[in-house]
Each structure stands twice: as structure tokens, then as C-alpha cells.
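Q: 3D, please:
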Amino acid sequence: MSELLIKERISQELKKIHQAIQQLEIFMGQLNNISNPIYQEAFI
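A: From the prediction side, this is the model:
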């Protein structure tokens, strides 16, 4: 695998990690609303 392909793959993976972190931040912010059954189940 060439260096350019490795750099591109790392860049793609970092984007996925960043998206996952953003989703987790949104989820964590919603935990204040634990009256929602979806969040209650996830919290447990």
C-alpha cells in the first residue's frame, strides 16, 4: 500500500471517529432528558 493510500485511509478513519464523537456528544447532551424511554434504556 502506498504512502498516499495509507494517508487517505487514516484521514477517512479520523473523519469516522470525529463523526462518532459528535454523535456521542449529542447523545450525552440528551441524557438530561432521561424521561425519554430511549435514553432511559441506553442509560441503564
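Q: Going by C-alpha atoms from here, please, whenever you check contacts or count neighbours.
A: Will do.
Q: can you give me the helices in the chain?
A: Ranges of helices within the chain are 3-30, 37-43, based on DSSP state H.
Q: Mind putting those helices into a markdown table with mean neighbour count?
A: Below are the helices of the chain laid out as a markdown table (neighbours: other Cα atoms under 10 Å):
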| stretch | mean neighbour count |
| --- | --- |
| helix 3-30 | 12 |
| helix 37-43 | 11 |
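Q: ranking those helices by mean pLDDT, which is last?
A: In terms of mean pLDDT, the lowest-scoring of the helices of the chain is helix 37-43 (a mean of 67).
Q: Check the gap between Met28 and Ile21 for me.
A: Distance, Met28 to Ile21, by Cα to Cα, to the nearest Å: 10 Å.
Q: likewise Leu14?
A: Going from Leu14 to Ile21 by Cα to Cα gives 10 Å.
Q: what do the two both touch?
A: Shared contacts of Leu14 and Ile21 (Cα atoms under 8 Å, 6 or more residues apart in numbering): none.
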